[in-house]
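J.: any chance you could fold what I've pasted below:
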Amino acid sequence: MINDNLARAQALEQSADNQDLWDRVKVILCSELGEDVFSSWFGRAQLEQFSDGLVHISVPTPFLKQWIQSNYLSHMQRAWEAECDTIRRIDLTVRTAARKVQITPPQKAKQAARRMDEPLISESPHHERDFLKPTNAQGFSGSLLDRRLTFGTFVEGAPNALAAAAARQVGISANKNRITFNPLYIHASVGHGKTHLLQAIAWEAQEKEVLYLTAEHFMYRFVTALKSQSALAFKDRLRGIDLLIIDDLQFLHGPQMQKEFCHTLDALIDGARQVVVAADRPPHELESLNERVRSRLSAGLLVEIENPDYDLRCGILNRRIEMARTACPNFDVPAEVLSYIGANVTSNGRDLEGAVNRLLAHHQLAETPITMDMAELKLRDLIRTREHRQVKVEDIQKLVCKQYNVSKQDLLSARRTRSIVWPRQIAMFLCKAMTPRSLPEIGKRFGDRDHTTVLHAVRKVENLIGQNDSIAHEIETLKRDLSE
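T.: Numbers count the residues shown, from 1 in each chain. From the prediction side, this is the model:
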């Protein structure tokens, strides 16, 4: 038993070391490629294994694998070699679901009854999930649906209450042939529950023709149709859907893709068909989208899921712990540990679930009870992430607008009055000081301004900070607010 526990502990330590190495590689890639490119193509890449010089990276779709291999494999190789000189080869694979089945009408009732009975955290060491891939009468096989992502398992709180209510209303109305909030656009940062709500809508409206697609899957299907010379049939079938759900719209790239998506959006909305879209930013901040698509999306209901507050974080933790006990009945988390995690792991729901998974793993493998000391040790990197969180351009613009009582439209406009120019220059300075964005990237985020305009703003604020203590204090206060 001692040898087994030692082997398990060593395996856990090796896994943690490999993950730290992968995290450093991702930092290099993000710095080299830029945040937008990195998020689009590497945001959901996972390190599966690293041993004997062989790196095994998995991605969720064949399209993503092909794109990385064609465009970024050399970047990955250099990044890995910079951190570890024993690298021999990088292998990319597509993650597959543990079990895929086709939904047939007799199965639906049984599956709906079972949704609430199975734990989110299983006994499997790979945390296997049960996915379903419904095929509708239009001949479409959509992206995978996790049958546990329903409204019944969604933890609601003040930050997500409006989004949950709107999503539930859309799901109910779709079954009654009523159109509600069309299109419904949900935006939030990573791990705030967008995908959960979208898949819950798909499950709720199973009586209708529903198609759930990620943006990557949409691009993959369209490219495949073009190659097989069946693009017209693809468009006709897509526009016959009662409810179209598109997730992760920020990953939709390319003028041809956006043109086709816009035509589909127009056809569905004009034909009284429901459309639901989710992304990590509101439409007007998705610079890669053309103006027509942004305008069409903005005409519907835009709902933001805000950062989870303490009560919501504790609610998520309690739900995850409750489900973990289904697989491990003696798993117990003291109230002080629960409060500690809720107060300090503040980024998103996925980090909260990751915290519970870590505690569960160490409880099972090391056969030790959960204590405050153990939680502080095992979750220290999650707490560190909070202390040194990455500031986004959107965060800076939002804070500066609030601080100086200007609108974001004014901040991005060509207006040059003193009351707008000064907040704009401060925002540009903070973007250069607190984000990895280059001067051209910052200029693009401020109304497509030239990089020399950004450089002028940065130098002006720097000079004033050195000359005026009041301005220096003002800037430091803004920096502190952004870092908290």
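J.: looks to me like residue 278 is in a helix.
T.: No. Checked against DSSP: H, G, I helix; E, B strand; the rest coil, residue 278 lies outside a helix; its state is strand.
J.: contacts only, for the nearest residue to it once chain neighbours are set aside.
T.: Among residues not flanking residue 278 along the chain, residue 194 sits closest, at 4.1 Å (Cβ to Cβ, 6 or more residues apart in numbering). Every C-beta, even on glycine, is put in place using the N, C-alpha and C of the backbone. Remark: with contacts taken as Cβ atoms under 8 Å, 6 or more residues apart in numbering, residue 194 is in contact with 186-188, 247, 278-280, 305.
J.: three-state assignment of the spatially most central residue of the chain?
T.: Central residue of the chain (Cα atoms, centre = their mean): residue 190, 3.1 Å from the mean position. At residue 190 the chain is in coil, as set by three-state DSSP.
J.: what is the burial count for the closest residue to it other than its chain neighbours?
T.: Nearest-residue entry for residue 190: residue 348, 6.0 Å, with adjacent residues in sequence omitted and distances by Cβ to Cβ, 6+ apart. Using other Cβ atoms under 10 Å, residue 348 has 19 neighbouring residues.
J.: so what touches stretch 241-248?
T.: Residues from elsewhere that reach stretch 241-248 (Cβ under 8 Å, 6+ apart): 136, 138, 140, 143, 174, 194-195, 198, 201-202, 205, 208-216, 218, 238, 252, 261, 264, 268, 273-280.
J.: which of these fall in helices?
T.: Among the contacts of stretch 241-248, the members falling in helices are 174, 194-195, 198, 201-202, 215-216, 218, 238, 261, 264, 268 (criterion: DSSP state H).
J.: quick one: least confident of these?
T.: In terms of pLDDT, residue 238 ranks lowest among the ones in helices among the contacts of stretch 241-248, with 78.
J.: helices or strands up against whichever helix or strand residue 223 is part of?
T.: Per DSSP states H and E: residue 223 is located in helix 215-227. Judged by 3 or more Cβ pairs under 8 Å, 6 or more residues apart in numbering; DSSP states H and E, the packing partners of helix 215-227 are helix 62-71, helix 231-238, strand 243-247, helix 255-270.
J.: hmm, 10 Å instead?
T.: In terms of contacts (3 or more Cβ pairs under 10 Å, 6 or more residues apart in numbering; DSSP states H and E), helix 215-227 is packed against helix 35-42, helix 62-71, strand 210-214, helix 231-238, strand 243-247, helix 255-270, strand 274-279.
J.: what about residue 381, how many residues nearby?
T.: 12.
J.: now do the helices in the stretch 251-400 of the chain.
T.: Assigned by DSSP state H, counting those that start in this stretch, the helices in the stretch 251-400 of the chain fall at 255-270, 291-298, 310-327, 335-344, 349-365, 372-378, 380-387, 393-404.
J.: can I get stretch 468-478 in PDB, CA atoms only?
T.: Output in PDB follows, covering the C-alpha atoms of stretch 468-478 (Å, rounded to 0.1, in the frame of the first residue of the first chain):
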ATOM      1  CA  ASN A 468       2.600  65.800 -11.800                       C
ATOM      2  CA  ASP A 469       2.100  63.900  -8.600                       C
ATOM      3  CA  SER A 470      -1.700  64.100  -8.900                       C
ATOM      4  CA  ILE A 471      -1.700  62.500 -12.300                       C
ATOM      5  CA  ALA A 472       0.800  59.800 -11.100                       C
ATOM      6  CA  HIS A 473      -1.500  59.000  -8.200                       C
ATOM      7  CA  GLU A 474      -4.500  58.900 -10.600                       C
ATOM      8  CA  ILE A 475      -2.800  56.400 -12.900                       C
ATOM      9  CA  GLU A 476      -1.600  54.200 -10.000                       C
ATOM     10  CA  THR A 477      -5.200  54.100  -8.700                       C
ATOM     11  CA  LEU A 478      -6.400  52.900 -12.100                       C
END
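J.: for it, give the mean pLDDT please.
T.: Across stretch 468-478, the average pLDDT comes to 85.
J.: cool, stretch 306-314 as well?
T.: 88.
J.: just how off-centre is it within its chain?
T.: 17 Å (Cα atoms, centre = their mean, to the nearest Å).
J.: and what of stretch 306-322?
T.: With Cα atoms, centre = their mean, you get 18 Å for stretch 306-322.
J.: and for stretch 203-215?
T.: 20 Å.
J.: got the buried residues for that stretch?
T.: Judged by neighbour count (16 or more other Cβ atoms under 10 Å), stretch 203-215 contains these buried residues: 203-206, 208-215.
J.: so how far does that stretch reach from one end to the other?
T.: Across stretch 203-215, the terminal residues are separated by 19 Å (Cα to Cα, to the nearest Å).
J.: how many neighbouring residues does residue 156 have?
T.: Count around residue 156 with other Cβ under 10 Å applied: 15.
J.: on the pLDDT front, check it for me.
T.: 91.
J.: which non-adjacent residue is nearest residue 288?
T.: Distances taken as Cβ to Cβ, 6+ apart place residue 253 nearest to residue 288, at 6.0 Å, with adjacent residues excluded.
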